[in-house]
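Q: How does the following fold in three dimensions:
(one chain, ligands or ions: 3)
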Amino acid sequence: PLVLGIETSCDETGIGIVRGHTLLADALASSVEQHARFGGVVPEVASRAHLEALVPTMQRALDEAKVTLADIDAIAVTSGPGLAGALLVGVAAAKGYAVAADKPLYGVNHLAAHVAVDTLEHGPLPEPAIAMLVSGGHSSLLLVDDLTNGVKPLGATIDDAAGEAFDKVARLLGLGFPGGPIIDRTAGNGSASIAFPRGLTAAKDLAAHRFDFSFSGLKTAVARWVEARQRDGEPVPIADVSASFQEAVCDVLTAKAIDACLTHGVRTLVIGGGVAANSRLRVLAEERAAKHGIEVRVPRPQLCTDNGAMVAALGSRLVAAGVAPSRLDLPADSAMPLTSVSVAG
Ligand code: ATP
Ligand code: MG
Ligand code: FE
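A: Ligands and ions are numbered 1, 2, ... in the order given. A predicted model of the protein is given here:
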């Protein structure tokens, strides 16, 4: 099927078009620069930017795929989770296009879409798989038996998301926003020589939180370490701090993801979400998984952060699986749970 996907859950207006597992177009407009001076995404600014970007982005996607709206078999849109006003722009637009062109409409889960996007790069996902979803708002380990039917959460962060930790640490180092890509680059010039804490990995924590994460203690440890240097009048080795922080995050993420695979007898680990773009995470996951014969699937960095292709990819899976479309009054659900992959028809 030819499926068009619309993504507006945060600060990226994305429209993607896929045929089956093949990516035909991935048009993106971002309001990230408008948020940079606030150090985080400002919801009202994001909503307005989506409104302005939507129609031109749609045109670019159709042009890129060399199709018209009439050729599309189904439209998928992020129903949630995300910023309420931002979601509403995408959902309203999707309803408009669906009615105007008389197409079935699928309201989909943004987080499941972060997992589904990998199929565009590596083909059908071998199931069961373990999915590690690491993004700006979420950090979860999921058991995926059938992505179109639901996922089973094994664990999640008990405080900050991994991407949030990258953003907060970048901010305290004065590096700018969003912090993930900047820390990734900065870390390349440093060495992971500082021993920062690995949250929820001590024996006593593993009993209750084996597949959970905690990054707020790590962020505080970095802040204390930097403050102590400054108090002593010593320069802060930004690259080493970045590399050491990044290593702490990637160490815990990969160790727990592989533990989840081994515990559940699963041989495929798929990683999605913005933090999956991290260069160290990709290398470490690959290295550790290889020792256990586990295959790691991570889409190219551009498909890890928010985009429309991921929504189209999940829509395409839903259509192929014969899942019923959503109703035309489908909601923008800012708190859509990870357990619902699409809005039931
Ligand atoms: P969610 O998907 O939970 O709703 P979101 O959509 O805001 O949140 P994504 O776009 O998936 O999140 O990811 C953005 C996050 O990924 C930001 O926190 C950003 O710092 C982080 N990120 C992006 N690139 C990298 C990188 N190379 N290394 C580490 N983190 C990164
Ligand atoms: Mg973004
Ligand atoms: Fe996201």
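Q: Just want the phi and psi numbers for the residue nearest the centre of the chain.
A: Note on the chain: the residue nearest the mean C-alpha position is G273, at 2.0 Å, using CA atoms, centre = their mean. With angles defined as degrees, to the nearest 10, G273 shows backbone torsions of phi 100, psi 160.
Q: Spatially nearest residue to G20 (excluding sequence neighbours)?
A: Across the structure, with CB to CB, 6 or more residues apart in numbering as the measure, the residue nearest G20 apart from its sequence neighbours is S316 (6.4 Å). Yep, even glycine has a C-beta here, placed from its N, CA and C like the rest.
Q: where's the one you found relative to A344, distance?
A: Remark: distance between S316 and A344 (CB to CB, to the nearest Å) = 18 Å.
Q: The two: who's more crowded?
A: S316 (29 against 12; other CB atoms under 10 Å).
Q: Let me see the contact set for the more buried one.
A: If you count contacts by CB atoms under 8 Å, 6 or more residues apart in numbering, S316 has them with 1, 3, 18-21, 76.
Q: Same check on A162?
A: Going by CB under 8 Å, 6+ apart, A162 touches 134-135, 139, 213, 215, 249, 253, 275.
Q: What helices and strands are in contact with the worst-scoring helix or strand of the chain on mean pLDDT?
A: Here the helix or strand of the chain ranked lowest by mean pLDDT, DSSP states H and E is helix 32-36, holding a mean of 92. For helix 32-36, the contact count by 3 or more CB pairs under 8 Å, 6 or more residues apart in numbering; DSSP states H and E identifies helix 43-65 as packing neighbours.
Q: which of the residues in the helix it packs on are buried?
A: By neighbour count with 16 or more other CB atoms under 10 Å, helix 43-65 contains the buried residues 43, 45-51, 53-54, 57-58, 60-62, 65.
Q: again with stretch 200-210
A: Residues of stretch 200-210 classed as buried: 200-201, 209-210 (neighbour count, 16+ other CB under 10 Å).
Q: then that stretch to CSV, C-alphas only?
A: Once non-C-alpha atoms are left out, stretch 200-210 reads as follows in CSV (Å, rounded to 0.1, in the frame of the first residue of the first chain):
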residue,chain,number,x,y,z
LEU,A,200,19.7,1.4,38.8
THR,A,201,22.6,-1.1,38.2
ALA,A,202,23.5,-2.0,41.8
ALA,A,203,22.4,-5.4,42.9
LYS,A,204,19.8,-4.0,45.3
ASP,A,205,18.2,-1.9,42.6
LEU,A,206,18.2,-4.7,40.0
ALA,A,207,15.8,-6.7,42.1
ALA,A,208,12.9,-4.2,41.6
HIS,A,209,14.2,-2.2,38.6
ARG,A,210,16.0,-4.7,36.4
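Q: Run through who's touching that stretch.
A: Where contact means CB under 8 Å, 6+ apart, the residues beyond stretch 200-210 that reach it are 155, 158, 199, 212-214, 252, 255-256, 259, 263.
Q: CSV for these, including secondary structure, distance to P301 and neighbour count?
A: Formatted as CSV, the contacts of stretch 200-210 follow (DSSP: H, G, I helix; E, B strand; the rest coil; distance: CB to CB, whole Å; neighbours: other CB atoms under 10 Å):
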residue, secondary structure, distance to P301, neighbour count
G155, strand, 25, 17
I158, coil, 27, 16
G199, coil, 25, 25
D212, coil, 26, 20
F213, strand, 21, 27
S214, coil, 26, 20
V252, helix, 21, 21
A255, helix, 22, 14
K256, helix, 22, 25
D259, helix, 25, 16
T263, helix, 29, 13
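Q: Pick the one among the residues you listed closest to ligand 2.
A: F213 (20.5 Å; CB to the ion).
Q: Report the distance from stretch 38-45 to the chain centre.
A: 18 Å (CA atoms, centre = their mean, to the nearest Å).
Q: Start and end of it, how far apart?
A: Between the opening and closing residues of stretch 38-45 lies a distance of 11 Å (CA to CA, to the nearest Å).
Q: For ligand 2, tell me whether that stretch is touching it.
A: No. Applying CB under 5 Å from the ion, one finds stretch 38-45 out of contact with ligand 2, separated by at least 7.3 Å.
Q: hang on, V3 is in a strand, isn't it?
A: Yes. The secondary structure assignment for V3 places it in a strand, going by DSSP: H, G, I helix; E, B strand; the rest coil.
Q: burial count for it?
A: Neighbour count of V3, defined by other CB under 10 Å: 28.
Q: Whether the helix or strand where G85 lies contacts ligand 3 - can you check?
A: Assigned by DSSP states H and E, G85 falls within helix 84-101. No. Helix 84-101 is not in contact with ligand 3 by CB under 5 Å from the ion; minimum separation 11.5 Å.
Q: and the angle from that helix to helix 43-65?
A: Orientation of helix 84-101 against helix 43-65 (axes from the mean of the first three to the mean of the last three CA atoms, to 10 degrees) gives an angle of 40 degrees.
Q: what's the following helix or strand after helix 84-101?
A: Along the chain past helix 84-101, the next helix or strand (assigned with DSSP H and E) turns out to be strand 105-109.
Q: Show me what from the stretch 1-150 of the chain comes close to ligand 1.
A: Near ligand 1, the residues belonging to the stretch 1-150 of the chain are 9-10, 82, 110, 114, 135-138 when assessed by CB under 6 Å from any ligand atom.
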